[in-house]
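S.K.: With the sequence up front, the predicted model follows.
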Amino acid sequence: QLQLVESGGGLVQPGGSLRLSCTASGFPSNYYAIGWFRQAPGKEREGVSCISRSGGTTDYTDSVKGRFTISRDSPKNTVYLQMNSLKSEDTAVYYCAAKSSCGTRVAVNYWGKGTLVTVSS
């Protein structure tokens with residue numbers, strides 16, 4: 001069964017850090033580009049970051065540039081999202097997704113179920 005499982009969410013104070021993990025099972029994660037998305041309460045889901053199949057190309061939405069870093073560990077079949085200098089507006093459910101390539105118009109093949117990140121004092 002093909003599956004993506006996110007972990008690492010939780011409650012953190014403003015200015016703090018979290019590292020999210022997205023682990024693939026049932027397929028090698030490097031068969032796909034992996035994207036991180038988030039959905040805050042009352043808002044539409046938005047793309048946060050994406051890493052190419054090789055790991056050689058990454059992109060970020062403007063609001064997280066310089067604070068978030070995406071990386072992949074292919075032997076572990078896992079993609080990470082390191083989030084630093086967190087702000088209250090980063091509060092959301094974070095989802096990872098597998099797609100054929102990064103790009104806003106590329107359809108998602110598989111979604112994870114999400115992990116909640118809450119940034120609050």
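M.R.: Perfect, I can see it now.
S.K.: And for the closest residue to residue 26 other than its chain neighbours, the neighbour number?
M.R.: Nearest residue to residue 26, sequence neighbours excluded (CB to CB, 6 or more residues apart in numbering): residue 2, at 4.0 Å. For glycine as for every other residue, the C-beta is placed from the backbone atoms N, C-alpha and C. Residue 2 is flanked by 10 other residues according to other CB atoms under 10 Å.
S.K.: so what's residue 2 up against?
M.R.: If you count contacts by CB atoms under 8 Å, 6 or more residues apart in numbering, residue 2 has them with 24, 25, 26, 27, 110.
S.K.: make it 7 Å
M.R.: With contact set as CB atoms under 7 Å, 6 or more residues apart in numbering, residue 2 has these partners: 26, 27, 110.
S.K.: Run through the chain and note the low-pLDDT ranges.
M.R.: Under the criterion pLDDT under 70, no range of the chain is flagged.
S.K.: which residue is nearest the middle of it?
M.R.: What sits nearest the mean C-alpha location of the chain, by CA atoms, centre = their mean, is residue 36, with 2.7 Å.
S.K.: okay, now the nearest residue to residue 49 once chain neighbours are set aside: neighbour count?
M.R.: Of all residues not flanking residue 49 in the chain, residue 70 sits nearest, at 4.4 Å (CB to CB, 6+ apart). Using other CB under 10 Å, residue 70 has 24 neighbouring residues.
S.K.: from what I can see residue 70 touches residue 52, true?
M.R.: No. Between residue 70 and residue 52 there is no contact under CB atoms under 7 Å: 10.1 Å.
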